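Q: Make a model of this:
(2 chains)
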Amino acid sequence: MRLKGANILVESLKKENVGIVFGYPGGVVLPIFDVLYDSNLRFMLTRHEQAAAHAADGYARATGKVGVCLATSGPGATNLVTGIATAYMDSVPIVALTGQVKTNLIGSDAFQEADITGITRPITKHNYLVKDINDLAPIIKEAFYVASSGRPGPVLVDLPADLMFAEAEFHYPEKISMRSYKPVCVSCQGRLKKAARAICDSRRPIIYAGGGVIISGAENELFEFARKTSIPVTTTLLGLGCFPETDPLSLKMLGMHGSAYANHAIMESDLIIAVGSRFDDRVTGKLDEFAPKAKIIHIDIDPSSVSKNVHVHIPIVGDAKEVLKSLNKIVKSPDTSKWIDRISQLKKRYPLKYDESGDVIRPQYVVEQIYEATKGDAIITTEVGQNQMWAAQFYKYLKPRSFLSSGGLGTMGYGFPAAIGAQVACPGKTVFDIAGDGSIQMNIQELATAVINKLPINIAILNNCCLGMVRQWQELFYKKRYSHTCFQPGCPDFIKLAEAYGAVGIRVTKKEDVAPAIRRAIDTKNTVVLDFIVRNEENVFPMVPSGEAINRMIGGMA
Amino acid sequence: MKHIISVLVENKFGVLARVAGLFSARGFNINSLTVGETEDPSVSRMTIVVKGDDKILDQVKKQLNKLIDVIRVKDYLRKEHIDKELVIFKVNVNKKAKAKAITLIRKSAANIVKSTADIIAVEMVGSQDDIDKLFYALKDNGYKIKEMVRSGRIAMEL
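A: Model prediction:
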């Protein structure tokens, strides 16, 4: 079948079972949009390309499928960059399609030309500039394969305008074979046995689980492993939901704003079993003092993650699900009874808590009430800063893919468009974007996308009238010199803003109104903006100062 | 420690930028880098000479392996290998000192490609040590190198 490039592209996306494309039109992608006009491939118009990339990312994180976004050349493509970098840092499979100027104009500083493959080289798993129409279908096939296999990541395909008009015979490749890319690996039996022995010999073991568990779908294997061996589990920010936080073995999140008991436990441990996590600096704190007595087993699919930051004693390169499955068959449980006692002692001594006094609304209380209303069955997305950390600390995550947040890059403005992607992917689910009054303004224009597409997303703004996390650092480390972090109260008026877009706005100023407002938002079929006026000076505790050992926390004591 | 890293890659546009980008993103200076086709024209070999401690180099090698267009990465530091470099240079000479220079150059198994009253142009293929030895010998005898081109090392495991 001979088809034009734009048709080949759309047919290829259908072959990949793409549910939806998020994007924004423009000059050089007009031929593609002309095909989309009467195609049954679903397309959602965002109001900014950055939001299209985050929506594709949210869709991917909520489902495990590849998210797709599409933008025009030049500024359209560069607007995707933050979204692509966000997905790259958190290993999210997205395929970003960008228009490019005609092949004969590339390199001539043509109108809306940008070298987007050059720009995104360090923030994509791989990228392609299509130069021959016959390569288009095979490249799309490869792009989806590369994005979703091994350690997933974003792949960009740059599409020159003339190729969209050019014709070629359309055959979508059935199979794929790349001699230079073999993401599947079988982990060595010897290492597994060694790991099983180390586990059995340990007395104070701890599981440190990350986003890799969720990506690999290994939550059941992890649960079996932890239960079988009675080893407590702490997770990274991106690992939230891979192990139910209501389980007695759960230590919740560790790291800079992790629970104090998780941080103390990992420092006292004699064996760390890292699964799909990467010893990020927000987790380890001061590297030289991190878990001094612990042997480390590191299970990860990416060999370059192993021994990158800490020395690993037993590296196991492989898919978390497969490795845990094999390990579950041979592992014998260690004697951890004393250790479990010590853990309960730590939990009692250093509980995760906040000052609940007074009538003022505390942001932590809002997060707790969202948990109470949804019983952990919602998808929570976050922006970045204090709102993100409170959302991580005070909601109890029970299932994988229920917490979507920009962990690695820390992108403000991620949460709302990601919530759009998640809500599109899971129409029946309750979706909350836990936001700050700062970061929500970074993609606030997407209220139009949410309202027009009838997405019942709930945006919970923890409105403290400042850039809270930066203000917190200024309070603690810069002598309360609040340089450019405080906003004018009431600017903007989020209720009027919501209403201007046709969304529902609810302002909450009293503690007793928090729960009813959340209930009302959930029951509303429209997009809702909840403007919680919270205590301005509230800080996120515990907190490990940057560069300190992770058991030296501010505000970690009972 | 100087590492010679041999990287087999797909012979496609953009691959060199990806490989070089890994080094520059980490603030690594590459001593030399050569690229050429192999016995299979769809595969190119890059030979990269780079200084750095083993831990950082280990990470760079892993990152290289992660690049989709990279087929294989080998570090020859502790492997039996042959490595050679081609150098072409011009030496300033005067009438009096020319004979001595020619003797030094011939002793080093280098070839004189052109010789005029005030300049000798030389080509030499050899190990980095051999090439350096000739330079020192010329320098010690007061000769000045006017212009020099080095190809960068190429290497093969034996």
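Q: ok, for the residue in the stretch 1-150 of chain A that chain B sits nearest to, nearest residue in space, not its chain neighbours?
A: Nearest residue of the stretch 1-150 of chain A to chain B: residue A:126, at 4.2 Å (CB to the nearest CB). Bear in mind the C-beta positions are built from the backbone N, C-alpha and C, glycine included. Computed as CB to CB, 6 or more residues apart in numbering or on different chains, the closest residue to residue A:126 that is not its neighbour in sequence is residue B:68, at 4.2 Å.
Q: And the one you found, what's its pLDDT?
A: Predicted confidence (pLDDT) at residue B:68: the value is 96.
Q: quick revisit: now do the contacts for the residue of the stretch 1-150 of chain A closest to chain B.
A: When contacts are counted by CB atoms under 8 Å, 6 or more residues apart in numbering or on different chains, residue A:126 touches A:143, A:146, A:155, B:67, B:68, B:69.
Q: which of these count as buried?
A: A:143, A:146, A:155, B:67, B:68, B:69 (16 or more other CB atoms under 10 Å in any protein chain shown).
Q: For the residues you listed, give me a markdown table that also has secondary structure and distance to residue A:481.
A: As requested, the buried ones among the contacts of residue A:126 are exported to a markdown table (DSSP: H, G, I helix; E, B strand; the rest coil; distance: CB to CB, whole Å):
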| residue | secondary structure | distance to residue A:481 |
| --- | --- | --- |
| A:143 | helix | 48 |
| A:146 | helix | 47 |
| A:155 | strand | 44 |
| B:67 | coil | 45 |
| B:68 | coil | 47 |
| B:69 | coil | 49 |
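Q: Report the two members of the residues you listed separated by the largest distance.
A: Between all members of the buried ones among the contacts of residue A:126, the longest pairwise span (CB to CB) is found for A:143 and B:67 and amounts to 15.5 Å.
Q: From residue A:489, how far off is the residue lying closest to residue A:257 once chain neighbours are set aside?
A: With sequence-adjacent residues excluded and distances taken as CB to CB, 6+ apart, residue A:257 is closest to residue A:389, at 4.4 Å. When CB to CB, to the nearest Å is the yardstick, residue A:389 and residue A:489 sit 23 Å from each other.
Q: These two: which is more packed in?
A: Per other CB atoms under 10 Å in any protein chain shown, whichever of residue A:389 and residue A:489 has more neighbours is residue A:389, with 28 against 10.
Q: Which pLDDT value goes with the more buried one?
A: What the model reports as pLDDT for residue A:389 is 98.
Q: now it, what's its secondary structure?
A: Taken by DSSP: H, G, I helix; E, B strand; the rest coil, the conformation at residue A:389 corresponds to helix.
Q: In chain B, what helix or strand scores lowest on average pLDDT?
A: Across the helices and strands of chain B, mean confidence by mean pLDDT, DSSP states H and E is lowest for helix B:54-66: a mean of 89.
Q: That helix - contacts with which helices or strands?
A: Packing partners of helix B:54-66 (3 or more CB pairs under 8 Å, 6 or more residues apart in numbering or on different chains; DSSP states H and E): strand B:2-10, helix B:15-25, strand B:70-75.
Q: ok, residue 6 - contacts?
A: No chain in the question, so chain A it is. Contact partners of residue A:6, counting by CB under 8 Å, 6+ apart, are A:31, A:32, A:34, A:35, A:164, A:165.
Q: other chain: chain B
A: B:45, B:46, B:47, B:48, B:73, B:74, B:75, B:76, B:155, B:156, B:157.
Q: Phi and psi next, for residue A:274.
A: Torsion angles at residue A:274 (phi, psi; degrees, to the nearest 10) stand at phi -90, psi 130.
Q: Which strand residues bridge it?
A: Taking DSSP bridges, one obtains residue A:208, residue A:298 as the residues bridged to residue A:274.
Q: Nearest residue to the residue of chain A found nearest chain B in space, please, no chain neighbours.
A: Closest contact between chain A and chain B, by CB to the nearest CB, is at residue A:304 (3.6 Å). Sequence neighbours aside, residue B:62 is the residue nearest to residue A:304 in space, at 3.6 Å (criterion: CB to CB, 6+ apart).
Q: Tell me how many other residues surround the one you found.
A: The criterion is other CB under 10 Å. On that basis, residue B:62 has 17 neighbouring residues.
Q: where does the closest residue to residue A:373 other than its chain neighbours land in three-state SS?
A: Leaving out its chain neighbours, the residue that sits closest to residue A:373 by CB to CB, 6+ apart is residue A:518, at 4.7 Å. Per three-state DSSP, the local secondary structure of residue A:518 is helix.
Q: wait, what's in contact with residue A:518?
A: Residues in contact with residue A:518, defined by CB under 8 Å, 6+ apart, are A:366, A:369, A:370, A:373, A:458, A:460, A:530.
Q: what packs against the longest helix seen in chain A?
A: Identified as the longest helix of chain A according to DSSP state H is helix A:49-63. In terms of contacts (3+ CB pairs under 8 Å, 6+ apart), helix A:49-63 is packed against strand A:21-23, strand A:67-71, helix A:75-79, helix A:81-89, strand A:94-100, strand A:403-404, helix A:415-425.
Q: Nearest to the spatial middle of chain A, which residue is it?
A: The residue lying closest to the centre of chain A (CA atoms, centre = their mean) is residue A:405, at 3.9 Å.
Q: Closest approach to chain A from chain B, which residue is it?
A: Across chain B, the shortest distance to chain A (CB to the nearest CB) belongs to residue B:62, at 3.6 Å.
Q: For residue A:279, see how far away that residue is.
A: Distance from residue B:62 to residue A:279, by CB to CB: 15 Å.
Q: Get me the contact residues on chain A for chain B.
A: Within chain A, the residues that sit near chain B (CB under 8 Å from any CB of the partner chain) are A:117-118, A:121-122, A:125-126, A:129, A:146, A:178-181, A:302-304, A:307-308.
Q: so residue A:253 touches residue A:259, yeah?
A: Yes: the pair residue A:253 / residue A:259 is scored as a contact, 6.4 Å apart, by CB atoms under 8 Å.
Q: Overlap in contacts, those two.
A: Taking CB under 8 Å, 6+ apart as the contact rule, residue A:253 and residue A:259 both touch A:234, A:393.
Q: which residues sit in contact with the residue nearest to residue A:321 when sequence neighbours are not counted?
A: Using CB to CB, 6+ apart and skipping residues adjacent in sequence, the residue nearest residue A:321 is residue A:218, 3.8 Å away. Residues touching residue A:218, when contacts are defined by CB under 8 Å, 6+ apart, comprise A:212, A:242, A:275, A:276, A:319, A:320, A:321, A:324.
Q: Can you pull the phi/psi pair for residue A:218?
A: phi -100, psi 20.
Q: any idea how far it lies from residue A:145?
A: With the distance defined as CB to CB, residue A:218 ends up 21 Å from residue A:145.
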